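K.L.:
next come a sequence and a model predicted from it.
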Amino acid sequence: MQSIGDRMLEHIARVRPTTRHRDIAENIGMTPDAFSRALNSKRAFSSIELARLADLLNADIHWLITGKSDPHRLVVAARHRFDHATGHRDIPGRDADEQVLRDIALAYRQTYPEPQQAPALPESPDDVRSALGENFVRPFAEQLENRLRVDVVRVADLSTAYSFTAGGHRVIALPATGNWFRENWSMAHELGHLVGGHHDQELSDAERDRHEAAANAFAADLLLPRESLAAIDWEHLDAVGLAGLVWQWGVSTDAFARRLNALNGHLPTVVRTWAGQTTQRLLRHYWASDSSEDEITLRMDAAAQRRFPLSLQEAHLTGISSGVLGKGTLAWMLGIDPDALEVDIPTVPDVDVDDLAMALGL
């Protein structure tokens with residue numbers, strides 16, 4: 001049987017293969033000798049040492065101690081910020097996002113304490129596109145929930161998009177920014193993580209980079225398929241035509257430019273002209289709605305609204321009415337004060353104090 005030291009050695013070899021053990025020991029306040037002896041099961045790790053190691057190495061402390069993964073540990077994949085000049089990826093707001101992600105996961109665990117088995121996802125962008133249906137980006141979140149059973153949450157407190165599984169439900173969590181074309185790419189990107197099974201806490205930086213690249217490639221293939229781009233007469237396309245494509249496909253001018261450059265090694269004139277300008281400017285100047293409504297602003301407003309799946313809200317209402325759940329989590333999902341939430345709560349019968357004392361033998 002593996003010991004804690006064996007599992008720690010395995011984890012270090014996976015995520016920090018080039019880091020010296022003495023440097024790890026120094027970071028957690030252990031001497032190199034004590035760390036070496038603990039790894040070789042000649043002394044035990046203290047609880048504080050294990051906690052510091054788990055934090056430093058992003059390890060599952062439950063797994064370190066028991067050899068089994070913690071069934072309640074929240075393991076996420078995220079859309080990283082990418083610096084095209086340096087090739088560096090990071091998530092500056094990760095620490096601040098942690099509590100929000102835990103709150104979202106809690107809403108699912110309260111409703112689904114026994115994890116359900118999620119159905120298998122289609123394996124390729126083509127299969128996903130077929131499952132979602134034509135023009136899926138217009139109601140992207142709804143199609144993900146209805147066709148693939150992938151829930152979509154949108155809250156203002158997140159810095160970037162994340163995906164994870166909670167209560168057996170696949171969830172994509174988005175920041176409420178109003179930027180609908182970035183939101184579409186984020187949903188496609190996180191769907192790529194879910195399809196690829198990229199949710200594993202035992203990852204090295206190199207593995208995370210590979211997963212990020214794969215998720216981004218998945219998003220590109222899903223939203224801007226090669227065949228659809230090849231069918232466009234780019235050399236004769238004007239700004240009006242480009243605005244129509246941006247609106248129909250739900251992506252930014254920058255996304256068009258990067259995708260076409262990656263596929264063809266050059267940019268059509270109209271795309272090159274607009275690549276450095278904002279998507280909203282192109283649409284405001286060259287896209288016209290068939291209706292009398294300001295659809296551009298309506299789409300922005302929709303992407304800025306707090307959102308939780310109706311199925312989750314309804315499940316909480318059922319739990320509240322049966323007395324299993326309080327109304328605090330539902331109020332948080334709706335973004336309102338719990339006292340302002342009017343829901344069906346079980347009536348608590350009045351109990352006579354003398355009867356209660358008699359029942360308790362007092």
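P.N.:
Arrived safely.
K.L.:
need the pLDDT of residue 190.
P.N.:
Here the pLDDT value assigned to residue 190 is 95.
K.L.:
packing partners of the helix or strand where it lies?
P.N.:
Per DSSP states H and E, residue 190 falls inside helix 180-196. Counting contacts by 3 or more CB pairs under 8 Å, 6 or more residues apart in numbering; DSSP states H and E, helix 180-196 packs against strand 77-78, helix 140-148, strand 150-155, strand 162-166, strand 169-175, helix 205-223, helix 295-302. All C-beta spots, glycine's among them, are computed from the backbone N, C-alpha and C.
K.L.:
out of these, which one sits most buried?
P.N.:
With neighbours taken as mean count of other CB atoms under 10 Å, those reach their highest mean count in strand 77-78, at a mean of 26.
K.L.:
can you give the domain ranges for the chain?
P.N.:
Here the domain assignment for the chain is 4-66, 77-223, 226-302, 321-359, based on automatic domain parsing.
K.L.:
out of those, the one nearest residue 313 is which?
P.N.:
domain 321-359 (6.3 Å; CB to CB).
K.L.:
one step back: run the chain-centre distance for the helix holding residue 190.
P.N.:
Its chain's C-alpha centre and that of helix 180-196 lie 9 Å apart, by CA atoms, centre = their mean, to the nearest Å.
K.L.:
now do stretch 212-219
P.N.:
14 Å.
K.L.:
what's the answer for stretch 303-321, then?
P.N.:
Put simply, stretch 303-321 sits 18 Å off its chain's centre (CA atoms, centre = their mean).
K.L.:
what residues of that stretch count as buried?
P.N.:
By neighbour count with 16 or more other CB atoms under 10 Å, stretch 303-321 contains the buried residues 303-304, 307-309, 312, 315-316, 319-320.
K.L.:
quick one: the closest residue to residue 105 other than its chain neighbours from residue 217, how far?
P.N.:
Leaving aside its chain neighbours, residue 105 sits nearest to residue 166 (4.1 Å; criterion: CB to CB, 6 or more residues apart in numbering). Here the criterion is CB to CB, to the nearest Å. By it, residue 166 lies 26 Å from residue 217.
K.L.:
looking at the domains of the chain, which is buried most?
P.N.:
Each of the domains of the chain was scored by mean neighbour count; the highest is domain 77-223, a mean of 18, by mean count of other CB under 10 Å.
K.L.:
residue 107 against residue 309, yeah?
P.N.:
No. Applying CB atoms under 8 Å as the test, residue 107 and residue 309 come out as separate, 10.0 Å apart.
K.L.:
and the pLDDT for residue 88?
P.N.:
Reported pLDDT for residue 88: 67.
K.L.:
and the residue nearest the centre of the chain?
P.N.:
Nearest to the mean C-alpha position of the chain, by CA atoms, centre = their mean, lies residue 162 at 1.7 Å.
K.L.:
OK, contacts around that residue?
P.N.:
By CB atoms under 8 Å, 6 or more residues apart in numbering, the contact set of residue 162 is 76-79, 97, 101, 172-173, 190.
K.L.:
show me the contacts for residue 290.
P.N.:
Contacts of residue 290 by CB under 8 Å, 6+ apart: none found.
K.L.:
any idea of the pLDDT on residue 235?
P.N.:
pLDDT, read off for residue 235, is 89.
K.L.:
and for the one 3 residues further on?
P.N.:
Model confidence at residue 238, expressed as pLDDT, equals 96.
K.L.:
pretty sure it is touching residue 268, no?
P.N.:
No. The pair residue 238 and residue 268 does not pass the contact test of CB under 8 Å, sitting 10.7 Å apart.
K.L.:
does residue 77 touch residue 164 like I think?
P.N.:
Yes. Checked against CB under 8 Å, the pair residue 77 and residue 164 is within contact range at 7.3 Å.
K.L.:
can you pull out the helices in the stretch 1-150 of the chain?
P.N.:
Ranges of helices in the stretch 1-150 of the chain, per DSSP state H, counting those that start in this stretch, are 4-15, 21-27, 32-39, 47-57, 61-66, 94-111, 125-132, 140-148.
K.L.:
now do the first one and helix 47-57, the angle between them.
P.N.:
Counting by axes from the mean of the first three to the mean of the last three CA atoms, to 10 degrees, helix 4-15 lies at 10 degrees to helix 47-57.
K.L.:
what's the angle from helix 4-15 to helix 205-223?
P.N.:
Helix 4-15 runs at 50 degrees relative to helix 205-223, counting by the same axes, to 10 degrees.
K.L.:
and helix 4-15, average pLDDT?
P.N.:
So the average pLDDT for helix 4-15 ends up being 90.
K.L.:
what helices or strands is that helix leaning on?
P.N.:
helix 32-39, helix 47-57, helix 61-66.
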